[in-house]
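> Here is my input; please provide its structure:
(chains A and B)
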Amino acid sequence: MVKEIVDAMAMQRALTRITYEIIEKNKGINNLVIVGIKTRGVYIGNHIAERLQQLESAEIPVGQLDISSYRDDLNEITDKQPLDVNVDGKRVILVDDVLYTGRTIRAALDALMDNGRPAVVNLAVLVDRGHRELPIRADFVGKNIPTSAMERIQVNVEEIDGRDSVEIE
Amino acid sequence: MTKRYLILEDGSIYEGEAFGAPATTFGEIFFHTAMTGYQEIMTNPIYHNQIVVFTVPIIGAAGINHRADEAIGPMVKGVVVREIAEVSTNRLQTMTVHEFLLRHNVPGISQIDTRALTRHLRETGSQKASIVDFPDDHAFDQLRALVLTNQEVQQTSTPRAYVNPGDGANVVVLDFGLKNGILRMLNDYDANVTVLPYNATLDEVLNLDPDGIVLSSGPGDPHAVPESILELIRTLQKQLPLFGIGLGHELFALANGVDVEVMPIEHHGMNHPIRELITNRIMYATQAQGYEISTSSIKGTDVFVTHVDLTDGSIQGLRHRNYPAFSVQFFPDTAPGPVEAVEPFDDFMDMVTVRRGG
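Numbering: from 1, shown residues only, chains lettered A, B, ... in the order given. Take a look at the predicted model:
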């Protein structure tokens, strides 16, 4: 059974909170770059960047990170896609929709490092559902949603799915 | 009906009919534009010692029920209306507005042309007023001799600490004048709330091991609050989530080096659109403010603006750049008012939960 556990309004609030926390932790937005992990992390990253822009009237670059060639569960070799923003010496906010085993983030960090040497990397996720398999944690969490490994968490974003919500199945 | 008079410091006389207590009263007069929530307005500590003019043509149609009390009784010194309802069919009511005011010795006056009075007050600004039996020279002399106190916080704050128990996070409310709505909202989150007097010391606050601090909504002039309170806020915001409302918002601003000014036209109502800057979302909320944050003084400080009033551009929300500390000028406790503006409580309790590691 699919159940909506975060509605559009609550999702927007969670992104707003993350944005405020980013400002708090970074003492401003100087040198900040947002890197979204494809696919939904990019849209969530865009929303955060829009909010930062509303508050601080400054454009924040948003990169799209493709991690498919860095995954540890695929044997086929795919071409590495270079990142479309400069992360050298930047304060990078890595953004994904769901933090689960931590393997995606591990791959994303490898991909990020292949593109430069960021000054700092922070991780922002909309949902932390637990069950880590690697020593990774998020710096900014929209919602902590304790789950069982049997359950499935689906984040929907307006741009792809036609609505903003988090569902559990 | 007994004739009575509302007189203003500038010499204006308004003839009306008595209701409530037959007492003579003095206070600063202001007008409130809300269509609903008269009981919450009359009992809101922010209106302590003031005389309220309701612009809505008739009040009292829902009577009085104690669920709508924002304090132990009416806080206003007088009530001015066009018409007071004599009949109420509200099944929740326990008494009429007349009986309520009579019981608490607060006079009211009806059959006043509140539209003309409101226009007049908009031009002259707030001033001293009195409800009297006869508007003779003696009455005006008394009114002009009246000195309004600037010790409102001292008069409305609780003299002793007390607990409003709950199973959840440990929240300390600093009482600069506390409306019940704030406690009701914290109850909704099961917070274990300790209310401390306005002059609580840093040790008294920290000894309670709080997870978060609320600066309550007050009445009165933020500049009349002792400097030691601003120092307390500066110390607390560095170590605990902090949330200011109303006067608490103004004190949060002053503590962070932002100026607060008297408003040319005060806000007392719930019909101003408020814009949340970060999302461009519009919301409505109850406003009760005679002071505003000076926009020009924000630059160079460690706070930034989060909400503005779209009608006059006044600042309605601030947030600290480096700490989980923020404040709103409007009343997010929805008592009375639209329920869409409750999010600051949600944000605060979220901060508090993060701090507790949950």
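
> List the buried residues for stretch A:83-91?
For stretch A:83-91, burial by neighbour count (16 or more other C-beta atoms under 10 Å in any protein chain shown) applies to A:83, A:85, A:87, A:90-91. Every C-beta, even on glycine, is put in place using the N, C-alpha and C of the backbone.

> quick one: which of these is nearest to chain B?
residue A:91 (15.2 Å; C-beta to the nearest C-beta).

> does whatever residue of chain A ends up closest to chain B sit in a helix or strand, and which one?
Going by C-beta to the nearest C-beta, chain B is nearest to residue A:51 of chain A, at 4.8 Å. Per DSSP states H and E: residue A:51 is located in helix A:40-56.

> now swap in residue B:354 and tell me
Assigned by DSSP H and E, residue B:354 falls within helix B:343-355.

> How about exporting that helix as CSV, limited to the C-alpha atoms?
Provided in CSV are the C-alpha atoms of helix B:343-355 (Å, rounded to 0.1, in the frame of the first residue of the first chain):
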residue,chain,number,x,y,z
GLU,B,343,4.8,27.4,10.9
PRO,B,344,7.2,29.3,13.1
PHE,B,345,6.1,27.0,16.0
ASP,B,346,6.7,24.0,13.8
ASP,B,347,10.2,25.3,12.8
PHE,B,348,11.1,26.0,16.4
MET,B,349,10.0,22.6,17.6
ASP,B,350,12.0,21.1,14.7
MET,B,351,15.1,22.9,15.9
VAL,B,352,14.5,21.8,19.4
THR,B,353,14.1,18.2,18.3
VAL,B,354,17.3,18.3,16.3
ARG,B,355,19.1,19.6,19.4
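
> Please identify which helix or strand holds residue A:133.
Counting by DSSP H and E, residue A:133 is found in no helix or strand.

> so how many other residues sit close to the closest residue to it other than its chain neighbours?
Excluding the flanking residues, the one nearest residue A:133 by C-beta to C-beta, 6 or more residues apart in numbering or on different chains is residue A:101, at 4.2 Å. Residue A:101: 15 surrounding residues under other C-beta atoms under 10 Å in any protein chain shown.

> what's the answer for the one 5 residues further on, then?
As a burial measure, the neighbour count of residue A:106 was computed by other C-beta under 10 Å and equals 18.

> Surely it is in a strand?
No - under DSSP: H, G, I helix; E, B strand; the rest coil, residue A:106 sits outside any strand and is assigned helix.

> Just give the nearest non-adjacent residue to it, would you?
In space, residue A:106 is closest to residue A:134, 5.4 Å off (C-beta to C-beta, 6+ apart).

> Next: residue B:257.
residue B:301 (4.8 Å).

> do residue A:123 as well
Nearest non-adjacent residue to residue A:123, counting by C-beta to C-beta, 6+ apart: residue A:138, 4.6 Å away.

> What backbone torsions are found at the one you found?
Per-residue torsions, residue A:138: phi -90, psi 150 (degrees, to the nearest 10).

> For it, which residues are in contact?
Contact analysis of residue A:138 by C-beta atoms under 8 Å, 6 or more residues apart in numbering or on different chains lists A:99, A:123-125, A:128.

> packing partners for the lengthiest helix in chain A?
Of all segments of type helix in chain A, defined using DSSP state H, the longest is helix A:8-26. For helix A:8-26, the elements it packs on are helix A:40-56, strand A:120-128, strand A:140-144, strand A:165-168, helix B:343-355, judged by 3 or more C-beta pairs under 8 Å, 6 or more residues apart in numbering or on different chains; DSSP states H and E.

> OK, contacts around the residue nearest to residue A:106?
A:101-103, A:105-106.

> okay if I get the residues you listed as a markdown table plus distance to residue A:12 and pLDDT?
A markdown table is the format used below for those (distance: C-beta to C-beta, whole Å; pLDDT from 0 to 100):
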| residue | distance to residue A:12 | pLDDT |
| --- | --- | --- |
| A:101 | 27 | 96 |
| A:102 | 26 | 96 |
| A:103 | 28 | 96 |
| A:105 | 24 | 97 |
| A:106 | 29 | 96 |
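
> The longest helix of chain A to helix A:40-56, inter-axis angle?
Angle, helix A:8-26 to helix A:40-56, by axes from the mean of the first three to the mean of the last three C-alpha atoms, to 10 degrees: 70 degrees.
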